[in-house]
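Visitor: Task: produce atomic coordinates for the following.
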Amino acid sequence: MAEISIEQIKKLKELSGVGLTDAKKALVEADGDFDKALDAMRKKGLTKAEKRGDRETREGLIDSYIHDGRLGAIVEVNCETSFVAKTDEFKTLAHQIAMQVASMNPLYVSEEDIPEDVKAAKMKELEENFKGPENMKEQILAGQAKKAFADKVLMNQPFILDDTKTVEQFIKEAIAKTGENITIRQFKRIELGVTE
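Guide: Predicted structure coming up:
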């Protein structure tokens, strides 16, 4: 068995958001392979993050990002406690979400926020232009609708600072690290000379 140092345990704890005991156990199970242990802990942390998703978020903060005085965004990001809301990590997360909104111009936080009439209009348009096999029509149209709204839904967008993950995955990683549920309640984007 490979020797495991306290530095490795601490580093794994910091990167995955798990406790020292879990970090050590993961390193032992991975036979000292740090990357393998980190991957296992991230999966475990994200699984825990999924379970936290139902917990109420009443604290948090409002942050903004202004780019070159020409466009900006303001966001409300919530968590469970004021303690987490005051941490540098949470403040950074909120600011990065404001940057995301300014840069990528989403219209909705999640798919659930898309109004039913907007979804129905898009489905009608897709149905009218459908040219595929009839037996696969429903699945194809569902996929096309999802794709049509992908860039308009904040949680589905590629995260601007790491496009290997979506904003939703970025938030889940933060949930795993903080141990609290985190939600994006609302946002507003303003561009000079553009009115809605």
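Visitor: Name the SS class of the residue most central in space within the chain, please.
Guide: The residue lying closest to the centre of the chain (C-alpha atoms, centre = their mean) is residue 168, at 2.2 Å. The local conformation at residue 168, judged by DSSP: H, G, I helix; E, B strand; the rest coil, is helix.
Visitor: from what I can see it touches residue 156, true?
Guide: Yes. Assessed by C-beta atoms under 8 Å, residue 168 is found in contact with residue 156 at 6.8 Å. From N, CA and C alone the C-beta is placed, and that goes for glycine too.
Visitor: what residues are up against the residue nearest to the centre of the chain?
Guide: 155-156 (C-beta atoms under 8 Å, 6 or more residues apart in numbering).
Visitor: Please report how far it lies from residue 154.
Guide: 9 Å (C-beta to C-beta, to the nearest Å).
Visitor: The chain: strands as residue ranges?
Guide: 59-67, 71-79, 158-159, 162-166, 183-191 (DSSP state E).
Visitor: Same list (those) but as CSV, adding distance to residue 125, mean pLDDT and mean neighbour count.
Guide: Shown next, in CSV, are these (distance: least, C-beta to C-beta, whole Å; pLDDT from 0 to 100; neighbours: other C-beta atoms under 10 Å):
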stretch, distance to residue 125, mean pLDDT, mean neighbour count
strand 59-67, 33, 94, 17
strand 71-79, 29, 95, 21
strand 158-159, 25, 94, 18
strand 162-166, 25, 91, 12
strand 183-191, 25, 94, 17
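Visitor: out of those strands, nearest to residue 177?
Guide: strand 71-79 (11.6 Å; C-beta to C-beta).
Visitor: what's around the residue nearest to residue 107 when sequence neighbours are not counted, how many residues?
Guide: Nearest residue to residue 107, sequence neighbours excluded (C-beta to C-beta, 6 or more residues apart in numbering): residue 152, at 4.5 Å. Neighbour count for residue 152, taken as other C-beta atoms under 10 Å: 17.
Visitor: Would you agree residue 152 is in contact with residue 108?
Guide: Yes. When contacts are counted by C-beta under 8 Å, residue 152 is listed as touching residue 108 (6.1 Å).
Visitor: Can you find the helix or strand in this structure with the smallest mean pLDDT?
Guide: helix 34-52 (a mean of 64; mean pLDDT, DSSP states H and E).
Visitor: picking up where we left off before, do you know how far the residue nearest to the centre of the chain is from residue 57?
Guide: From residue 168 to residue 57 the distance is 15 Å (C-beta to C-beta).
Visitor: Could you verify my assumption that residue 32 touches residue 4?
Guide: Yes. Counting by C-beta under 8 Å, residue 32 does reach residue 4; the two are 5.5 Å apart.
Visitor: When the two are compared, which one has more neighbours?
Guide: residue 4 (19 against 15).
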